[in-house]
Each structure stands twice: as structure tokens, then as C-alpha cells.
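Asker: here you go, sequence then predicted model.
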Amino acid sequence: MPDDTRSTVNNLRPFWMPFTANRQFKAAPRILVSAEGMYYTTDDGRQVLDAAAGLWCVNAGHSRKPIVEAVQKQVAKLDYAPAFQMGHPGAFELASRLAQLAPADLNSVFFCNSGSEAVDTALKIAIAYHRARGDGTRTRIIGRERGYHGVGFGGISVGGIVTNRKWFGSLLTGVDHLPHTHDIAKNAFSKGQPEHGANLADELERIVTLHDASNIAAVIVEPMAGSTGVLIPPKGYLEKIRAICDKHGILLIFDEVITGFGRLGSAFAAEKFGVIPDMMTTAKGITNGVIPMAAVFARDGIYDTFMNGPDNAIELFHGYTYSGHPIACAAGLATLDVYRDEGLFQRAADLAPYFEAALHSLKGVKHVIDIRNLGLVGGIELEPRAGKPTARAFETFLKAYEAGLMIRTTGDIIALSPPLIIEKSEIDRIVETLAKILPTVE
Ligand code: PMP
């Protein structure tokens, strides 16, 4: 049913849109007014198949009743509770449930409100942890090219996206970047983890030699880089990074903001790859995208170091007004119930081979130079085109939206990350729509 929302976008000045060129948007506004299951409804009454889980976050599908009801119940009961020196039952309950879900001894959870905040929090905990152990020279952080860690100053410093960094001054000092692992020449059309590239982890040894381990606090990487184009870690790569960190007493942080909560067919990528980090940052799927929330998971040794300081100390000088917000906690608990009751992580694992075969059927379609996938994530890379203001992938996004399909794009890459409730027929539809559109993009 069309409504009159479209008239509100005639004046774009008040809403300065994130990561969006307002001027371009005005020419073709894309306004979503409701959502259910796998579909959005637009302001002109069209159904759009969500092949992106919103922004990689709506893992259980849209407007799920148990989550909606839990939020409604909570807001009517306890709307807000201070997070400092106070608490409420939901925060303790959700933290326990999350700790149970996490692998190994990632048993303590620090709540934040976005992935960006989680990243800044993890970096601060890493540096403070070393200091609390009397190892205060360990302050340097190592990120990776083509890493995306949100938009806080910490996140853009360790992240590796030039456009997100170059406008914003000198950023965090003491940061190095590992090379990214994307190599089409060697790994094009890999299914699952690519064969080549584990040796790129050796660069970490070079950086350690350069600065000395005694000055390095942590390495932060996305176990699978999502927003910069679905870069799947080569076989053996994460294991090597883990071993080098262990050898030198460097903490390893996995940014699981995208990979957490079932995306790869397991609760976390750490489990999928069998590599346990010292901290994990998570967000997005933690509440199924319903309410902003994020969480940093820390291993016992880190938590204990803070808790074993002098008795009158505040253990960590860090926190947010909305850390562990009661409504977000209620949404989180209901979301975890849905994931568990519907077996959605296993569903993602079971659907992955079908998704893989469907995606790779696009090999040979015009402009497609690589396809890669893991769990329910796919990346389709298109030939770059020179001399046009927009990439082919973005034009594909615009045409797909008109055809009733929502995808994500970054540069020349199309990223697919559907809600884990997707049906095979909907996977077919995504692929058929792209097969039709791609040849029409010049
Ligand atoms: N880390 C990763 C790996 C992400 O993918 C994102 C968001 N796409 C973030 C951090 C930032 O999260 P937010 O946008 O919630 O700040």
C-alpha cells in the first residue's frame, strides 16, 4: 500500500545521510516503510527481497514476533537503568547467555551500542590490560589493509580503507597494517577458504621485528572481511596470525561484527575457523538489528587482570550511558531464543552448499571476474570500469532495487548476506535477478 513518505524526501537538508551522497539520493530515493521476514516494503508499495539482512544484521529475518513482543514488554516495565554502579537483571542474563554461546573462555562481555564503539572498547581494553600487568609500553596496534572496523577514531586508524581515513587528520598513532589477503590472480572463483595466501601472515613477524614485541598491544582483524568485499581468509592464515601473536605475547582481537551470530554457519567465526582470539567485537546480529547494541567478549585472563588490581580501584575507566540498555538486552535475549529455537546457525550451515552452487552459477556472466563465498555470505566481483562516476556494482544495486532485490555493494564488489531464514527458491531468485541485470550494466 503506497503511502506519502516519499514527499518527505524532497527536503534532504535536515537528514545528513551516513555514507550517502544526499544529492544522488534525491534523484532516486529509496524509502523503506515496513518489513517482514525476507522482505521490505517500499513507500511505493513494492516488495523488495532483502539479500543483505539490512546491513548484515537482521539474521533472523524482519519483524520477528518474539523479539517485537520482548521489546514492547521491556519498554513498558523498565525503560532505562543507569549502567554505572547499577545494573538490571537483563544485562546479567544476556551476558551469561552470550558467554555460553562463545567458544573457549571468552566468558566476559562488555556492552556497547555499535560496532564502532565495540572496536574502540576492545582497543582500549587491550592497551589497559598490558598496563595493568605492568607492561605499559605495549601500546601499538596492528590492523590490516582493507579492514573495516567502524568509524570511530580507533576504528578508522586500524582499518584500512583510504577514503574513510584521509579526511580526518593524524588519527591514532602507533598503528601498522598487515597486507590484505585478497588475490584474484591466485584465488579467483574459490569456494570456501582460498588455497593461497597464508604466507601473508608472515608480515606480522616483520612488523614485530620493526617495533619489538614489547611495544605491541594487539592485532585486530576481521576473521572474514565483510564490508570491504567479502574477503575470505586463506587456509592456514588465521592460525598463523594466532601463533605469531602467542609467540610474542600480543593480544588477538577478532572483529566479528558481521561474522558473529550465525553468518558463517556457526555462532562465531572463531568457532568456524578453530582459532580463538583473546577478544571478539560483536554487534548487528546480537539484537537482530532491532535495537542498537554491541558487545566485546574477553577471555578470562584479561578480565581477571582487571579484577585482581587493588581493592579500591575502578576496574576499567570506560563505559557508555547506554551500555547494556534494558531494551537492547530484552531484544538480545529474545533474539538468542529465536536463533536457538529455530536452529538458525545450523540452517545457515545446511544451506551453504546450495547458496555456493547458486552463486557460482554466475561464473561466465558478463563482467563477473570473481565469485567467493562462505556460510551465507557471497561476494561477486565485477570488472572495474574506467571513466564513469559510479562503479558497475553500484549501478547493479540501483537496478536490482528497481527489480525488487536489495543487495550491498562496495567498489566493484556485490556482497550478499541474506537473513538465515532464506528459502532455496529465494536464493534462486537472487541469482536469476543478478544474471539478468549484470549483462545490462555497461
Ligand atoms: N566492524 C565491522 C567488521 C563491521 O562490519 C562494522 C559495520 N559494518 C563495524 C565494525 C562498525 O559497526 P557500526 O556501524 O555498528 O558502528
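Answerer: Done, it's in.

Asker: distance of the residue nearest in space to the middle of the chain relative to Val75?
Answerer: In the chain, the residue lying closest to the centroid (C-alpha atoms, centre = their mean) is Ile258, at 2.3 Å. As judged by C-beta to C-beta, to the nearest Å, Ile258 and Val75 stand 28 Å apart. Using the backbone N, CA and C atoms, a C-beta is placed for each residue, glycine as well.

Asker: Arg408 too?
Answerer: As defined by C-beta to C-beta, Arg408 lies at a distance of 30 Å from Val75.

Asker: between these two, which has more neighbouring residues?
Answerer: Arg408 (21 against 14; other C-beta atoms under 10 Å).

Asker: now for the more buried one: which residues touch it?
Answerer: Neighbouring residues of Arg408 by C-beta atoms under 8 Å, 6 or more residues apart in numbering: Ala52, Leu55, Trp56, Ser227, Phe397, Ile414, Ala415, Leu416, Ser417.

Asker: among those residues, name the ones in helices.
Answerer: Counted as lying in helices by DSSP state H, out of those, are Leu55, Trp56, Phe397.

Asker: closest one of the contacts of Arg408 to Lys272?
Answerer: Distance to Lys272 across the contacts of Arg408 (C-beta to C-beta) is lowest for Ser417, with 14.9 Å.

Asker: what's near enough to touch the residue in the chain that the ligand sits nearest to?
Answerer: Residue nearest to the ligand within the chain: Gly115 (2.2 Å; C-beta to the nearest ligand atom). For Gly115, the contact set (C-beta under 8 Å, 6+ apart) comprises His149, Gly150, Gly155, Asp255, Val257, Thr281, Thr282, Ala283, Lys284, Ala294.

Asker: and it, how far from Ala122?
Answerer: Separation of Gly115 from Ala122 (C-beta to C-beta): 10 Å.

Asker: please enumerate the shared neighbours of the two.
Answerer: The contact sets of Gly115 and Ala122 overlap at Asp255, Thr281 (C-beta under 8 Å, 6+ apart).

Asker: near the ligand, which residues of the stretch 1-150 of the chain are found?
Answerer: Ser114, Gly115, Ser116, Val119, Tyr148, His149, Gly150 (C-beta under 6 Å from any ligand atom).

Asker: just the ones in helices from those, please.
Answerer: Among these, DSSP H puts Gly115, Ser116, Val119 in helices.

Asker: of those, closest to Leu374?
Answerer: Checking those against Leu374 by C-beta to C-beta gives Gly115 as the nearest, at 19.6 Å.

Asker: report pLDDT for the closest one.
Answerer: On pLDDT, Gly115 comes in at 98.

Asker: what ranges do the strands span in the stretch 251-400 of the chain?
Answerer: With DSSP state E, counting those that start in this stretch as the criterion, the stretch 251-400 of the chain has strands at 251-255, 279-282, 294-298, 368-374, 377-382.

Asker: make TSV out of the ones you listed and add mean neighbour count and mean pLDDT.
Answerer: Output for the strands of the stretch 251-400 of the chain, formatted as TSV (neighbours: other C-beta atoms under 10 Å; pLDDT from 0 to 100):
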stretch	mean neighbour count	mean pLDDT
strand 251-255	29	99
strand 279-282	29	99
strand 294-298	28	99
strand 368-374	22	98
strand 377-382	26	98
